[in-house]
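A.B. asks: sequence first, predicted model second:
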Amino acid sequence: MKKISVTLSSLAALLVGKAALAQIDWGLSYAQNVGLGTREVRDVATTVIQTLLGVLGILALVIILIGGFRWMTAAGNEENVATAKKTIAAGVIGLAVIFFAYAIVAFVFNVVGGSLNT
């Protein structure tokens, strides 16, 4: 008899709790009310990742240009030429890593939901 009363009281508490939760405003429409965007999280993440990879690509190209400038101004000094070659190699490796990161992100987002707008 005690099990039945405990079960019934638990069921009653769940039903009353569910009705009470249905009336609570959880603030899900708050973003629309204040003028924030209503885009999906995947689209926002894609945009952020593409922007960051674009900035990193520009940075890698600047590093390559710095290496080229060092090589042109080395004036035949082998030590400066070697430093310039290392700088250019680092920039090219960085650019390759950025391209591979973009390919991985594009693949993952295409598999997850096709939200990558390329």
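C.D. replies: Arrived safely, thanks for sending. Residues are numbered from 1 along each chain as shown.

A.B. asks: how about the helices in the chain?
C.D. replies: Counting by DSSP state H, the chain has helices at residues 2-22, 30-33, 41-72, 78-112.

A.B. asks: turn the ones you listed into JSON lines, including mean neighbour count.
C.D. replies: Quick note: C-beta positions are derived from backbone N, CA and C, even for glycine. What follows is the helices of the chain, written out as JSON lines (neighbours: other Cβ atoms under 10 Å):
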{"stretch": "helix 2-22", "mean neighbour count": "9"}
{"stretch": "helix 30-33", "mean neighbour count": "10"}
{"stretch": "helix 41-72", "mean neighbour count": "14"}
{"stretch": "helix 78-112", "mean neighbour count": "14"}
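
A.B. asks: adding mean pLDDT, write those helices out as CSV.
C.D. replies: Shown next, in CSV, are the helices of the chain (pLDDT from 0 to 100):
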stretch, mean pLDDT
helix 2-22, 58
helix 30-33, 68
helix 41-72, 90
helix 78-112, 92
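
A.B. asks: was I right to think residue 83 contacts residue 66?
C.D. replies: No - the pair residue 83 / residue 66 is not scored as a contact, 10.7 Å apart, by Cβ atoms under 8 Å.
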